[in-house]
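K.L.:
here is my input; please provide its structure:
(one chain, ligands or ions: 1)
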Amino acid sequence: MSEKAFQDYYPADLSHCYGCGNNNAHGHQIKSFWDGEETVAEFNPLPEHTAIPGFVYGGLIASLIDCHGTGSASAAAYKAAGRELGSEPALRFVTANLNVDFLAPTPMGQTLKLRGTITECKEKKVVVDITVSAGETVCAKGRVIAVKMPASMAS
Ligand SMILES: CCCCCCCCCCCCCCCC(=O)SCCNC(=O)CCNC(=O)[C@H](O)C(C)(C)COP(=O)(O)OP(=O)(O)OC[C@H]1O[C@@H](n2cnc3c(N)ncnc32)[C@H](O)[C@@H]1OP(=O)(O)O
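P.N.:
This is a model prediction of the structure:
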C-alpha cells in the first residue's frame, strides 16, 4: 500500500505509542488504512512475540487491536466530520475499553490481517469492532471503545 496510513498523520509529539508511534523504534508501528467502509492493517509477528513455540502471544494481538482501534476511531471521526485526516484541530482518541476474544490459536510465520468496522461514531466516543485473521482463520476478535483524548494527556 502506498498511501499514507492514519498513524502517519499523528503529530510527532504524539507518535511515541508502543503500538502505533512512528517515533518508537522498539514499538509495533502498526499502519492502518481505509478499505471501503472498513479499516485494515497487517502485522508480521517476530520471534519475540511468541507465546508457546509456533503461536503468537495474546498480548501482542490485544495491542494490535488496541492501536488499530484508536487509529480507526480518529479516521472515522474525521470522516464523519467531513474533514481531511490530520487537519486541525486534531481529533485524537485514546482507549477507554479494550475487549478481546481469542478464538483460535494464532500461528507464527503468517501475516496477521486486521479488519475494523466502525460500529458507533459519536463526537466524543467511537466504537470499533476488529477481527484478526491468519489466512482464512479468524483467530481473535476485539472491540475498542475509543474516547476523545483528555486535555491532560496532551503535552
Ligand atoms: C488520524 C489523525 C490523527 C490525529 C492525532 C491522533 C493522535 C492520537 C494519539 C493516539 C495515541 C495512541 C493511543 C493508543 C491507545 C492507547 O494505549 S491510549 C492509553 C490507554 N488509555 C488511557 O490512558 C485512557 C485513560 N482514561 C481516560 O483518560 C478517561 O477515562 C477517558 C477514557 C478519556 C474517558 O473520559 P471520561 O471523561 O470519563 O469520558 P466520558 O465523557 O464520561 O464518557 C464518554 C463516553 O465514553 C464512555 N466511556 C468512558 N469510559 C469508558 C470505559 N472505561 N469503558 C466503556 N465506555 C467508557 C462513556 O460511557 C461515554 O459514552 P456515551 O454515554 O457517550 O455513549
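
K.L.:
confirm residue 94 sits in a strand?
P.N.:
Yes: if the criterion is DSSP: H, G, I helix; E, B strand; the rest coil, then residue 94 is within a strand.

K.L.:
from the ligand, how far out is the closest residue to it other than its chain neighbours?
P.N.:
Leaving out its chain neighbours, the residue that sits closest to residue 94 by CB to CB, 6 or more residues apart in numbering is residue 149, at 4.8 Å. For glycine as for every other residue, the C-beta is placed from the backbone atoms N, C-alpha and C. Distance from residue 149 to the ligand, counting by CB to the nearest ligand atom, to the nearest Å: 6 Å.

K.L.:
list the contacts for residue 149?
P.N.:
92, 93, 94 (CB atoms under 8 Å, 6 or more residues apart in numbering).

K.L.:
possible to save those as a markdown table with pLDDT and distance to residue 30?
P.N.:
Output for the contacts of residue 149, formatted as a markdown table (pLDDT from 0 to 100; distance: CB to CB, whole Å):
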| residue | pLDDT | distance to residue 30 |
| --- | --- | --- |
| 92 | 93 | 16 |
| 93 | 96 | 15 |
| 94 | 97 | 15 |
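
K.L.:
if you rank those residues by neighbours, which is first?
P.N.:
Neighbour counts for these (other CB atoms under 10 Å) peak at residue 93, which has 24 neighbours.

K.L.:
and this structure, which of its residues are near the ligand?
P.N.:
When proximity is defined by CB under 6 Å from any ligand atom, the chain lies next to the ligand at 6, 9-10, 14, 17, 19-20, 66-67, 70, 74-75, 85-86, 90-92, 94-97, 122, 124-125, 145, 147, 150.

K.L.:
and these, which of them are in helices?
P.N.:
66, 67, 70, 74, 75 (DSSP state H).

K.L.:
thought the third one was touching residue 30?
P.N.:
No: with contact defined as CB atoms under 8 Å, residue 70 and residue 30 do not form a contacting pair (10.0 Å).

K.L.:
any common contacting residues for these two?
P.N.:
Common neighbours of residue 70 and residue 30 (CB under 8 Å, 6+ apart) are residue 20.

K.L.:
neighbour count for the two, which is higher?
P.N.:
Between residue 70 and residue 30, counted using other CB under 10 Å, residue 70 has the larger neighbour count: 28 against 23.

K.L.:
mind listing what the residue nearest the centre of the chain touches?
P.N.:
For the chain, residue 68 is the residue whose C-alpha lies nearest the centre (CA atoms, centre = their mean; 0.8 Å). Shown in contact with residue 68 (CB under 8 Å, 6+ apart): 30, 32, 39, 41, 114, 116, 128, 130, 144.
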